[in-house]
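1. quick check, what structure comes out for this input:
(one chain, ligands or ions: 2)
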Amino acid sequence: MKRFSFDIDVVGACNLRCPSCPQGNIKDYRLPHGFMEPELLRRIIEKARSECKVTGIGLFSWAEPMLHPKLPDLVRIVQEAGISCFLSSNLKHTAECGCPYGCNPFSFRISASGFTQEVYGHSHREGY
Ligand SMILES: C[S@@+](CC[C@H](N)C(=O)[O-])C[C@H]1O[C@@H](n2cnc3c(N)ncnc32)[C@H](O)[C@@H]1O
Ligand code: SF4
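-> Numbering: from 1, shown residues only. Ligands and ions are numbered 1, 2, ... in the order given. This next block holds a predicted model:
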């Protein structure tokens, strides 16, 4: 069986507008906003596993996963399937609203593009 890892956007939106990302540099098109239901993720994983060896799943690609109100459920679905779950976040939402539930992914990346607000604010536009 072939081995694949997957990057799945479970959220369509982001709270930042980085110029190097479609969330920040596509002007005349609004990316579809929405939240993936846990059941759909479960079905995607089931289908993927029937067709290949799934080596890992990132619940992000070009959006901000921490905006999803059911993110802990989604992480749990991946991990309980015996697959390593990866997250990456700008942490802005978490800083403002807190992280109300325990999330226990295999890996959690925090994207940061500078060591001062001036530099960070350029490449992570609207972030701090
Ligand atoms: C497009 S982001 C989506 C996830 C989340 N919103 C974040 O920023 O971490 C996915 C990956 O892109 C990279 N990235 C994040 N911010 C970036 C930026 N301003 N410019 C270029 N790459 C960036 C990081 O490696 C991050 O893990
Ligand atoms: S924080 Fe992540 S998803 Fe949001 S605009 Fe920046 S790179 Fe794109």
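2. CA atoms for contacts and neighbours, from now on please.
-> OK.
3. packing partners of the helix or strand of the chain with the lowest mean pLDDT?
-> Lowest on mean pLDDT, DSSP states H and E among the helices and strands of the chain sits helix 92-97, with a mean of 79. Applying 3 or more C-alpha pairs under 8 Å, 6 or more residues apart in numbering; DSSP states H and E, one finds that helix 92-97 contacts no other helix or strand.
4. hmm, it in reach of ligand 2?
-> No - judged by C-alpha under 6 Å from any ligand atom, helix 92-97 and ligand 2 are separated, with a smallest distance of 8.6 Å.
5. can you check stretch 47-59 too?
-> No - if you take C-alpha under 6 Å from any ligand atom as the test, stretch 47-59 misses ligand 2, and the best it gets is 11.7 Å.
6. alpha carbons of that stretch, as PDB, please.
-> What follows is stretch 47-59 as a C-alpha-only set of coordinates in PDB (Å, rounded to 0.1, in the frame of the first residue of the first chain):
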ATOM      1  CA  LYS A  47     -11.900   6.400   2.900                       C
ATOM      2  CA  ALA A  48      -8.200   7.300   2.900                       C
ATOM      3  CA  ARG A  49      -7.300   4.300   5.100                       C
ATOM      4  CA  SER A  50      -9.100   2.000   2.700                       C
ATOM      5  CA  GLU A  51      -7.000   3.200  -0.100                       C
ATOM      6  CA  CYS A  52      -3.500   3.900   1.300                       C
ATOM      7  CA  LYS A  53      -1.300   3.800   4.400                       C
ATOM      8  CA  VAL A  54      -2.000   7.200   6.200                       C
ATOM      9  CA  THR A  55       1.200   8.300   7.800                       C
ATOM     10  CA  GLY A  56       0.000  11.600   9.300                       C
ATOM     11  CA  ILE A  57      -2.700  14.200   9.100                       C
ATOM     12  CA  GLY A  58      -2.300  18.000   9.400                       C
ATOM     13  CA  LEU A  59      -5.600  19.700  10.200                       C
END
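7. ok, and what's touching that stretch?
-> Around stretch 47-59, the neighbours that count as contacts under C-alpha atoms under 8 Å, 6 or more residues apart in numbering are 1-10, 65, 75, 78, 83-87.
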